[in-house]
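**Q** Got a sequence here, can you build the structure:
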Amino acid sequence: MTWFKKKKEIKTDKKVKIPEGLWIKCDSCKEIIYKKEIEKNFQVCPKCNYHFRISATERIQFIADEGSFVEIDSDLATTDPLEFKDSISYKERLEENFRKSGLKEAVIYGNATINGMPVVVAIMDFSFMGGSMGSVVGEKISRAAELALEQRMPLLTVSSSGGARMQEGMFSLMQMAKVSAAVGKLKEIDMPYISILADPTFGGVTASFAMLGDIIIAEPKSLIGFAGPRVIEQTIKQQLPETFQRAEFVLEHGMIDLVVDRKELKNTIYTLLQHLTSPVQE
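**A** Numbering: from 1, shown residues only. Model prediction:
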C-alpha cells in the first residue's frame with residue numbers, strides 16, 4: 001500500500017535579494033549598468049558615453065582640486081516678490097525643492113583652484129527648479145563675476161537650466177541684462193571667462209551669460225538652445241533633424257567652440273586658462 005504514497009514537497013526559498021540602488025538603467029542606450037562602474041567613470045555610461053546629469057557638488061569634485069572650493073553666499077535665498085501661486089504657492093515650491101535638492105538656490109559659487117590655478121566658479125544645479133534663473137541666481141552669478149574682477153581671476157560658469165523662472169516674472173527677466181553686464185566687465189581687464197554648457201541649457205540662460213564666454217564648451221550630446229525642439233516644430237510646422245540642438249550639432253554650426261568629455265574637462269579648462277592668461281610674447 002506504500003507503493004503509491006505521495007511524497008511531501010519541501011519548499012525552499014532560493015530567491016536572492018539584491019539590494020536596491022546597485023544598478024542603473026542608462027537613459028540613452030537602456031543598458032543596465034553597475035552603479036559603482038558609472039561613479040568611477042565620472043557619472044558617464046561606459047557603454048554609450050551618455051553623460052548623466054549631476055549635482056553642482058559632484059561637478060565641483062570633478063572640476064576643482066580636492067578641498068579647494070570655498071563657497072560664498074551660501075545663505076542667500078529667494079523671496080516671493082510677486083506672491084505667486086499656481087497649483088501651490090511659490091514659497092511652498094521653494095521649500096519643496098530645498099528638501100529635494102538640499103540647496104537653497106539653483107546655483108553655488110565661490111573660489112577654487114584647478115590644477116593649482118586660482119579661479120572663481122559658479123555652477124548651476126538642474127535639480128533645483130530645473131536650474132531656472134530667478135533673482136538670486138542672477139545675483140549670485142553677478143557677484144561671482146564681480147569677485148573675479150576684483151581678485152583678477154578667471155571666471156568659470158557651468159550652466160544647466162530650463163531658462164528664466166516664471167514665478168518671478170520681470171524680476172527674473174531682468175537678470176539676463178544684469179549678469180551679461182557683470183561678465184562683460186571682465187573683458188576690460190583681459191581676464192578670461194570660460195562657459196560650460198551641460199544638459200540642458202535653454203531659455204534666458206542661453207540668451208545671456210552662457211553664450212558670452214571667451215571659450216564656450218559643451219558636454220557630449222547636451223541639449224542647447226533657446227526654445228525647445230517641440231516648440232520650434234509647432235511654430236515652423238516642420239520636422240527637425242534628430243540631432244537638432246545637441247552639442248555636436250551646435251558645434252558644427254559655430255555656436256560653441258568645443259565638445260569635451262567630462263573626464264577630460266578639468267585638464268582642458270586648465271590648458272585653456274594657461275594659454276589665455278599667459279603674457280603675450282613680443
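**Q** what sits against the most centrally placed residue in the chain?
**A** Taking C-alpha atoms, centre = their mean, the centroid of the chain lies closest to Ser160, which sits 3.5 Å from it. When the contact criterion is C-beta atoms under 8 Å, 6 or more residues apart in numbering, the partners of Ser160 are Arg53, Met124, Asp125, Phe126, Gly131, Ala198, Asp199, Pro200, Thr201. The way it works is simple: take the backbone N, C-alpha and C, and place the C-beta from them, glycine included.
**Q** One more pass at 6 Å, please.
**A** Neighbouring residues of Ser160 by C-beta atoms under 6 Å, 6 or more residues apart in numbering: Met124, Phe126, Gly131, Ala198.
**Q** Same check on Asn97?
**A** Taking C-beta under 6 Å, 6+ apart as the test, what Asn97 contacts is Phe128, Met129.
**Q** Could you measure from it over to Ser132?
**A** From Asn97 across to Ser132, the span is 10 Å (C-beta to C-beta, to the nearest Å).
**Q** where does the closest residue to Lys185 other than its chain neighbours fall, phi/psi-wise?
**A** Excluding the flanking residues, the one nearest Lys185 by C-beta to C-beta, 6 or more residues apart in numbering is Leu149, at 5.4 Å. When read as degrees, to the nearest 10, the backbone of Leu149 gives phi -70, psi -50.
**Q** And Leu149, how far from Ile217?
**A** Going from Leu149 to Ile217 by C-beta to C-beta gives 22 Å.
**Q** just Leu76 next, same as before
**A** For Leu76, the distance to Ile217 - C-beta to C-beta - is 27 Å.
**Q** between those two, which one's more packed in?
**A** Between Leu76 and Ile217, counted using other C-beta atoms under 10 Å, Ile217 has the larger neighbour count: 24 against 16.
**Q** and the helix or strand in which the more buried one is found, what does it pack onto?
**A** Using DSSP states H and E, Ile217 sits in strand 215-218. Secondary-structure packing of strand 215-218 (3 or more C-beta pairs under 6 Å, 6 or more residues apart in numbering; DSSP states H and E): strand 193-201.
**Q** coming back round to it: in its sheet, what does the strand holding Ile217 sit against?
**A** Strand 215-218 has its sheet partners listed here by DSSP bridges as strand 193-201 (parallel), strand 258-259 (parallel).
**Q** Give the residue spans of the stretch 151-282 of the chain that score low on pLDDT.
**A** Within the stretch 151-282 of the chain, the segments meeting pLDDT under 70 span 280-282.
**Q** how about the helices in it?
**A** Per DSSP state H, counting those that start in this stretch, the stretch 151-282 of the chain carries helices over the ranges 169-184, 203-206, 229-236, 247-252, 262-277.
**Q** who touches the first one?
**A** Same thing as helix 169-184. Helix 169-184 is contacted by residues 81-82, 133-135, 138, 141-142, 145, 164-165, 193, 204, 208-209, 212 when judged by C-beta under 6 Å, 6+ apart.
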